Each structure stands twice: as structure tokens, then as C-alpha cells.
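Enquirer: Sequence first, then the predicted structure:
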Amino acid sequence: MMTFRTKLLAITILPIILISLAALILIDSQSKSLAEAQGKAVEKMIIQSKQIELQNYIKLARAAVDPFYQWDNVSRLQAQKQVADVITRMTFGRDGYFFISKSNGGTLDNPLLQELEGREKFIAYGKEAQLLSNDMLETNRKAGELYQYNWNKPSTDEIAEKLGQSVYLENWDWVIGSGLYLDDVNAQIGQIQSELDSNARQTRWVLISLAVGAIALTSILLAFVRFSEQRFADARLKELASEIVDAQENERKRVSTDLHDGISQLLVSARYSLDVASAKASKAPAIRAPIEKSMETILTAISEIRRISIALRPSILDDVGLAAAIKSLGTDFQTQTGIKTSVTTQNVGNMLDDREKTSLYRVAQEALANIAKHSQAKSVNILLNKNTRGVKMKISDDGVGFLNKEKNISNKGMGLRNMEERIASHNGTFKLTEDRTKGLTLEVFLNGNLANEGTEKID
């Protein structure tokens with residue numbers, strides 16, 4: 001099932017992707033339509049310009065032959081030879097030339113043409129003219145009408161499409177024609193389409209880049225929002241954890257006070273009453289023995305209640321101070337476990353508030369409990385001192401440590417995590433190191449309130 005963050009990411013980025021895809025499809029479609037329309041327009045324009053150009057060439061050819069065509073001072077054969085000579089010599093561009101043939105495609109029957117200069121070229125051009133006259137007899141008779149056909153291009157020696165036009169010399173039954181090759185039209189159209197395709201590709205890449213940038217920016221913003229939310233949640237969780245710890249400490253303090261001032265006092269009062277009863281029953285051993293046994297039980301209960309009360313909330317921490325509480329903790333630890341405990345403390349005054357002092361005491365309490373359970377240590381050193389920056393507590397032992405148990409310090413148990421979180425709630429530092437041979441060292445540092453530095457009650 002999708003998480004809320006995944007859904008938020010999907011509904012934010014998916015529209016960008018869909019819009020980008022739609023835009024890409026639209027660009028491709030429009031670019032193809034534009035390329036096709038522009039190709040047709042360019043083709044029409046180029047063909048029209050070639051038609052005009054070809055018509056001008058035909059007019060030029062007609063103007064060149066008219067003086068001979070209308071020449072009355074020489075014979076027809078001589079005039080035809082002059083016209084053929086002029087037409088054969090007339091060229092334009094690399095592949096532009098003129099040709100002559102009979103209107104029915106037949107061979108020109110002027111014997112003087114055998115002596116024509118450039119006769120081979122004349123004959124080669126005549127083949128094209130005869131082909132067109134045979135295929136387009138009626139068309140060739142109509143001056144100015146254009147037609148298209150395929151013919152060999154001299155410069156490339158390849159067949160290419162050609163635009164042709166003819167002029168009819170009615171008195172001689174001759175057809176004079178020429179043509180322009182159209183393969184460059186396709187080349188120009190292809191170049192234009194290539195440029196349009198290039199522009200479309202650039203537009204497509206720009207759109208893709210913008211889409212990727214938008215997705216990346218959206219992802220960054222979402223990550224930033226998520227990071228902000230995470231920081232807010234962490235801060236709120238930290239605050240909540242601190243409130244829970246405070247509530248627990250207050251509850252422990254209340255229960256400890258109730259045990260010490262309530263039940264403990266009641267038991268002490270009961271013990272005094274049994275003391276009086278025991279004195280009065282001094283001459284009745286049968287009565288005195290159960291009374292003394294009850295007194296021993298009450299003493300044990302009072303001792304146990306005091307132990308529980310101290311574990312819940314040591315009154316010495318509130319009444320005397322942190323240093324005295326740490327010393328008392330070390331003494332009790334040595335008494336209960338038999339592990340030699342050395343405690344060195346320094347008066348921290350009011351550099352720490354009550355919550356910070358309580359946190360340091362609980363860390364020391366938890367650390368000693370862990371040492372008793374897991375370390376197999378023979379000695380423990382506890383150091384509490386202050387400097388210009390704050391208060392430092394260091395607890396070290398000579399036990400087996402973590403590595404000898406094939407564990408890693410990073411795999412912290414709940415006790416270590418609780419200690420670390422307590423210190424982190426006060427913006428302090430928590431450091432756990434292991435000696436290469438044996439033992440662990442716990443170092444805790446809290447920034448002191450130097451402005452309020454003073455003297456604790458009794459340290």
C-alpha cells in the first residue's frame with residue numbers, strides 16, 4: 001500500500017510527466033505538419049521560379065533564332081543550319097542546353113546539318129528531342145506549355161526529374177526545347193525539413209530538460225519539506241521524550257516521597273509500638289518472641305522501602321547535590337556488587353539545572369547497572385568534574401567490553417540508547433569507547449550555565 005509521501009510525490013510529479021509527454025507528442029505532430037506544409041510551399045515556389053526561368057530561356061532562344069527564321073536572303077537550308085548552330089552553342093549553367101527536332105519526332109532532313117560544328121552534341125540533344133516529340137506531340141505544338149519527364153543529367157550522369165518547355169517553328173515544323181533539372185528542389189526541401197527537424201529536436205530536448213528540471217525541483221522541494229517535517233517531528237519527539245522523562249522523574253519523586261514519608265514512617269511507628277510491647281512482655285517469652293520476629297520483619301521492610309525510594313529518586317540528589325549523590329551511588333554499588341569503585345567528584349555548583357543533574361545521575365545509575373550485569377569488571381572509576389565549558393562525567397571499567405563478546409559498539413541496547421537520548425535532550429555529547437585490551441569508557445559532557453555557577457548545598 002502506498003504511503004502518504006509516495007502518493008504526494010505521485011500526484012505532484014505525474015501531471016508534469018503527462019503534460020511533458022503530451023507536449024512532446026504535440027510538438028512532433030505539429031513539426032511534421034509544418035515541415036510537410038513548408039516543403040510543399042517551398043517546392044511550389046521553387047518550381048514556379050524555375051518555370052519563369054525556363055520560360056525566359058525559351059524566349060531568349062526564340063529571340064536568338066528569329067532573325068534566321070525570318071531571313072529571306074538565304075535559302076531555308078542555310079537558315080536552318082544557322083539556327084541549329086546557334087541553338088547548339090547556347091548553354092546555361094552546368095546542365096542547361098537546347099535541342100531541336102521535327103514536331104513528329106522525325107530526323108531533321110537538312111543535309112547541311114552534317115557539316116554542323118558540334119554535331120555530336122547536336123545529335124545527343126536530338127535524341128532527347130525526338131523522345132519528347134514522340135511522347136508529347138500535341139503538347140510540343142503548344143508554345144509555352146510546360147511538362148515534366150526524366151532524363152540523364154550531364155554533371156552527375158544519373159537520371160533526374162526535369163522540367164521542360166518547347167517552342168514550335170511552324171514554317172519549318174521544328175520544335176526547339178529546353179529544360180531545368182528538379183533534383184535540387186528535393187535537396188532544398190530536404191534541407192528545410194532537416195532544419196525543421198533539428199529545431200523540433202532542440203525544442204523537444206528543451207522541453208525534456210525543463211520537465212526533468214521541474215521534476216528535480218519538485219523532488220528537491222518535497223525532500224526539503226520532508227526534511228523540515230522530519231526535523232519538526234524529531235524536535236517534537238525529542239520534546240515529548242523530554243516531557244515523558246520529566247513526568248517519570250516527577251512521578252518517581254512523588255512515589256519515593258510517599259514511600260519515605262508515608263509508609264516508611266508508618267512502619268517506623270509500628271516498630272516503636274512493637275518495641276513498647278516487647279518491653280512489657282519481657283516476662284512472657286512466648287509473647288515476646290513473635291513480637292521480636294515482627295520487629296525484624298518491619299526493619300527489613302523499612303530497609304527495602306528505603307532502597308526502593310532511593311532507586312526511584314535519591315533524596316540526597318535534591319537535598320545535598322549531584323556530587324554527593326554520585327558518591328553515594330558508587331558506595332552503594334560497591335557494597336551491593338563487591339566491585340571496587342573509585343569515585344572522584346568536583347563541586348559543579350549551579351552550572352547544571354535540576355533536570356540536567358538528574359540526567360547525569362540516571363546515566364551513571366544505568367552505566368553501573370550495565371557494568372554489574374555484563375562487564376565482569378573488577379574495578380570501576382567514576383570521575384565528575386567541571387571546566388570553563390561545562391560538566392564532564394567519565395565512567396570506566398576493566399571488564400570484558402563489547403569486542404570480546406563479538407559485539408559492535410554501534411549495536412546499542414535500549415539502556416545505552418536511553419542514556420544517549422537523555423544527554424541529547426540537553427544538547428550534550430555522549431561517547432562510548434572501548435580499550436583494545438579490555439574495558440569500556442563512557443564520557444558524557446553537558447554545557448554548563450556559567451552565569452549561574454555557584455556552590456551546591458554540600459558536595
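Expert: Alright, I've got the coordinates. Everything quoted here is computed from the prediction, not taken from an experiment.

Enquirer: got the buried residues for stretch 298-315?
Expert: With burial defined by 16 or more other Cβ atoms under 10 Å, the residues of stretch 298-315 counted as buried are 298, 302, 305, 309, 310, 312, 313, 314, 315. For every residue, glycine as well, the C-beta is placed using N, CA and C.

Enquirer: looking at it, the second one is touching residue 269, isn't it?
Expert: No: with contacts defined as Cβ atoms under 8 Å, residue 302 does not count as touching residue 269, sitting 10.8 Å away.

Enquirer: tell me which of the buried residues of stretch 298-315 is nearest to residue 67?
Expert: Using Cβ to Cβ, residue 313 comes nearest to residue 67 of the buried residues of stretch 298-315, at 133.0 Å.

Enquirer: I'd say the closest one and residue 258 touch.
Expert: No: assessed by Cβ under 8 Å, residue 313 is found out of contact with residue 258, at 10.8 Å.

Enquirer: re earlier: looking at the buried residues of stretch 298-315, which is nearest residue 337?
Expert: Distances from residue 337 to the buried residues of stretch 298-315, taken by Cβ to Cβ, are shortest for residue 310, at 15.7 Å.

Enquirer: backbone phi and psi for that closest one, please?
Expert: When quoted as degrees, to the nearest 10, the phi and psi of residue 310 stand at phi -70, psi -40.

Enquirer: Give me the distance between it and residue 319.
Expert: 12 Å (Cβ to Cβ, to the nearest Å).

Enquirer: would JSON lines of the buried residues of stretch 298-315 with distance to residue 380 be doable?
Expert: Shown next, in JSON lines, are those (distance: Cβ to Cβ, whole Å):
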{"residue": "298", "distance to residue 380": "34"}
{"residue": "302", "distance to residue 380": "29"}
{"residue": "305", "distance to residue 380": "27"}
{"residue": "309", "distance to residue 380": "24"}
{"residue": "310", "distance to residue 380": "19"}
{"residue": "312", "distance to residue 380": "23"}
{"residue": "313", "distance to residue 380": "23"}
{"residue": "314", "distance to residue 380": "18"}
{"residue": "315", "distance to residue 380": "24"}
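
Enquirer: Restricted to helices, list these.
Expert: Within the buried residues of stretch 298-315, residues falling in helices by DSSP state H are 298, 302, 305, 309, 310, 312, 315.

Enquirer: can you tell me which residues contact the second one?
Expert: By Cβ atoms under 8 Å, 6 or more residues apart in numbering, the contact set of residue 302 is 264, 267, 268, 271.

Enquirer: Mind doing that once more with 10 Å?
Expert: Residues in contact with residue 302 (Cβ atoms under 10 Å, 6 or more residues apart in numbering) are 263, 264, 265, 266, 267, 268, 270, 271.

Enquirer: In strands, which of these appear?
Expert: Secondary structure from DSSP state E places none of the contacts of residue 302 in strands.

Enquirer: Please pull out the lowest mean pLDDT helix or strand from the chain.
Expert: Among the helices and strands of the chain, helix 137-140 carries the lowest confidence by mean pLDDT, DSSP states H and E, at a mean of 49.

Enquirer: Which helix or strand lies directly C-terminal to it?
Expert: strand 146-153 (DSSP states H and E).

Enquirer: and that next one, which residues are buried?
Expert: Neighbour counts using 16+ other Cβ under 10 Å place 146, 147, 151, 153 of strand 146-153 among the buried residues.

Enquirer: Which phi and psi values does residue 425 adopt?
Expert: Residue 425 has phi and psi values of phi -70, psi -20 when expressed as degrees, to the nearest 10.

Enquirer: At the geometric centre of this protein, which residue do we find?
Expert: For the chain, residue 216 is the residue whose C-alpha lies nearest the centre (Cα atoms, centre = their mean; 5.3 Å).

Enquirer: Please work out the average pLDDT along the host helix or strand of that residue.
Expert: Counting by DSSP H and E, the element that carries residue 216 is helix 183-258. For helix 183-258, the mean per-residue pLDDT is 77.

Enquirer: Who are the packing partners of it?
Expert: Contact here means 3 or more Cβ pairs under 10 Å, 6 or more residues apart in numbering; DSSP states H and E; on that basis helix 183-258 packs against helix 4-69, strand 158-169, helix 285-312, helix 315-319, helix 354-370, helix 414-424.

Enquirer: The residue nearest to the centre of the chain: what's it in contact with?
Expert: For residue 216, the contact set (Cβ under 10 Å, 6+ apart) comprises residue 13.

Enquirer: One more: residue 100?
Expert: Residue 100 neighbours (Cβ under 10 Å, 6+ apart): 61, 65, 80, 83-84, 87-88, 108, 113, 122, 125-126, 129, 166, 169, 172, 174-177.

Enquirer: Check residue 430 too.
Expert: Contacts of residue 430 (Cβ under 10 Å, 6+ apart): 363, 416, 419, 420, 421, 422, 423, 424, 442, 443, 444, 445.

Enquirer: which among these gets closest to residue 226?
Expert: Nearest to residue 226, judged by Cβ to Cβ, of the contacts of residue 430 is residue 424 at 21.8 Å.

Enquirer: Give me the neighbour count for that closest one.
Expert: 15 (other Cβ atoms under 10 Å).

Enquirer: That one and residue 238 touch, don't they?
Expert: Yes: the pair residue 424 and residue 238 qualifies as a contact (Cβ atoms under 10 Å) at a distance of 7.3 Å.

Enquirer: who touches both of residue 313 and residue 258?
Expert: By Cβ under 10 Å, 6+ apart, residue 313 and residue 258 have no common neighbours.

Enquirer: rewinding a little: can you put the contacts of residue 430 in a markdown table and add distance to residue 431 and pLDDT?
Expert: Listed next are those as a markdown table, based on distance: Cβ to Cβ, whole Å; pLDDT from 0 to 100:
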| residue | distance to residue 431 | pLDDT |
| --- | --- | --- |
| 363 | 12 | 90 |
| 416 | 11 | 82 |
| 419 | 11 | 85 |
| 420 | 10 | 86 |
| 421 | 15 | 82 |
| 422 | 14 | 82 |
| 423 | 10 | 86 |
| 424 | 12 | 84 |
| 442 | 7 | 91 |
| 443 | 4 | 92 |
| 444 | 8 | 93 |
| 445 | 8 | 93 |
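
Enquirer: Near residue 350, how many other residues are there?
Expert: Residue 350: 17 neighbours (other Cβ under 10 Å).
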